[in-house]
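Student: all I have is the shape, not the residue letters:
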């Protein structure tokens, strides 16, 4: 076949694929929008088990995925014993607790807050940014003003436990993360509801004893979280700098768009991080993915990343496979 015929035939084949309503982007049959699907929720780390229980209450009662995401994350933000999310989160090197969060719904809308102080539930502030403003992200004092104007109340986020840890750190003031106990264990949660709609969110207090003003991947759409309701969703946890450099969540979704399973997509994204960051062996990154069919995947740089999953048949915490 000559070049011209190849191009013409290829174009016709592509056009036929695009016009055929029975075939999706990845060559799969799309879900019937009128047929209920099996809901599922997955989230990062062991504490995700508790978040999933709350989220599942919404999903099992035909609730929206976005509501399941917000409420599941709120339960972790309100736990003072969790030193990496919400109240009780470890402070920066100046002794100030600053929080980041983002959320994304089935319509592609997103909201985010960064460098937020004195508000326990940044995930809920992020949702209001998504729903009540023309913006995606608010930061610092502006995010706080917005939260207060919408009924949120100031609260001291620095618990005695976190303050003691910070004072002990001040003795040497040396920042050196230890794999899997770096105190930057973001709560990331992805949900698929009975209508087949996806949503996701993540919330964190960031790296313990970070430089004042540092913001990681968690509130950045495409880095720490991305949702495309036609394809799937992904969320990341671990050292945010590595995730930001490769836009890991967006990469995972695009890999799924091109036919990769959630597991394959997570593995390829972690490999990209390893390839682009020679020092990767010193750090941890974990990625979760969920596609439109309700299939989940997980992969990490190092051993030790765990995630929680809850569907009609499964409700447990699972150790992720890893690159190293």
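Tutor: That came through, no problem. Owing to the predicted nature of the structure, the values given are computational and were not obtained by experimental measurement.
Student: now the strands for the stretch 101-250 of the chain?
Tutor: 110-116, 137-139, 187-192, 198-204, 225-228, 232-238 (DSSP state E, counting those that start in this stretch).
Student: dump these to CSV, plus distance to residue 174, mean neighbour count and mean pLDDT.
Tutor: Any C-beta I mention is one placed from the backbone N, CA and C, and that applies to glycine too. Shown next, in CSV, are these (distance: least, CB to CB, whole Å; neighbours: other CB atoms under 10 Å; pLDDT from 0 to 100):
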stretch, distance to residue 174, mean neighbour count, mean pLDDT
strand 110-116, 24, 26, 98
strand 137-139, 28, 20, 98
strand 187-192, 27, 32, 98
strand 198-204, 22, 31, 98
strand 225-228, 31, 27, 98
strand 232-238, 20, 33, 97
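Student: could you dump the ones you listed into TSV with distance to residue 90 added?
Tutor: Output for these, formatted as TSV (distance: least, CB to CB, whole Å):
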stretch	distance to residue 90
strand 110-116	15
strand 137-139	20
strand 187-192	15
strand 198-204	11
strand 225-228	22
strand 232-238	15
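Student: pLDDT weak spots in the stretch 51-200 of the chain?
Tutor: Low-confidence segments of the stretch 51-200 of the chain (pLDDT under 70): 175-184.
Student: returning to that earlier point: mind checking which of the strands of the stretch 101-250 of the chain is nearest residue 55?
Tutor: strand 187-192 (5.7 Å; CB to CB).
Student: tell me the strands beside the closest one, with direction?
Tutor: In the sheet, strand 187-192 lines up against strand 40-44 (antiparallel), strand 198-204 (antiparallel) (DSSP bridges).
Student: which one of those lies nearest to residue 213?
Tutor: Between these, strand 198-204 lies closest to residue 213; by CB to CB that is 15.2 Å.
Student: tell me the gap between the closest one and the middle of its chain.
Tutor: 5 Å (CA atoms, centre = their mean, to the nearest Å).
Student: with stretch 60-74 instead?
Tutor: 15 Å.
Student: what's that stretch in contact with?
Tutor: For stretch 60-74, the external contacting residues (CB atoms under 8 Å, 6 or more residues apart in numbering) are 36, 39, 41, 43, 51-52, 54-59, 101, 103, 105-106, 121, 123-124, 127, 187, 189-195, 197-203.
Student: apply 7 Å and report the result again.
Tutor: For stretch 60-74, the external contacting residues (CB atoms under 7 Å, 6 or more residues apart in numbering) are 39, 41, 43, 51-52, 54-55, 58-59, 103, 105-106, 121, 123-124, 127, 187, 189, 191-194, 197-201, 203.
Student: same check, this time on stretch 106-118
Tutor: 65, 96-104, 122, 125-130, 136-140, 143-144, 154-155, 157, 197-199, 213, 215, 219, 221, 229.
Student: of those, buried ones?
Tutor: Neighbour-count burial (16 or more other CB atoms under 10 Å) applied to the contacts of stretch 106-118 gives 65, 97-104, 122, 125-130, 136-139, 143-144, 157, 197-199, 215, 219, 221, 229.
Student: just those residues: which are in helices?
Tutor: If you go by DSSP state H, those have 65, 122, 125, 126, 127, 128, 129, 130, 143, 144 in helices.
Student: looking at the residues you listed, which is nearest residue 172?
Tutor: For these, the nearest to residue 172 is residue 122 (29.9 Å; CB to CB).
Student: isn't the closest one up against residue 203?
Tutor: Yes: Residue 122 is within contact range of residue 203, at 5.7 Å (criterion: CB atoms under 7 Å).
Student: give me the common contacts of these two.
Tutor: residue 101.
Student: contacting residues around the spatially most central residue of the chain?
Tutor: Nearest residue to the geometric centre of the chain (CA atoms, centre = their mean): residue 235, 3.0 Å. When contacts are counted by CB under 7 Å, 6+ apart, residue 235 touches 44, 188, 190, 200, 202, 224, 225, 249, 288.
Student: switch the cut-off to 6 Å
Tutor: Applying CB atoms under 6 Å, 6 or more residues apart in numbering to residue 235 gives the contacts 188, 190, 200, 202, 225, 288.
Student: check the gap between it and residue 86 for me.
Tutor: 17 Å (CB to CB, to the nearest Å).
Student: ranges for the helices of the protein?
Tutor: Per DSSP H, the chain carries helices over the ranges 3-19, 48-59, 65-77, 122-132, 140-149, 160-170, 240-246, 248-257, 262-276.
Student: so what touches the shortest one?
Tutor: If you take CB under 6 Å, 6+ apart as the criterion, helix 240-246 is touched by 216, 217, 223, 236, 272, 273, 276, 277, 285.
Student: tell me who's in contact with the fourth one.
Tutor: The one in question is residue 236. 224, 243, 248, 249, 287.
Student: for the first one, same thing?
Tutor: Taking CB under 6 Å, 6+ apart as the contact definition, residue 216 lies against 206, 240.
Student: switch to 8 Å and redo it
Tutor: Contacts of residue 216 by CB under 8 Å, 6+ apart are 100, 184, 186, 204, 206, 207, 224, 239, 240, 241, 243, 244.
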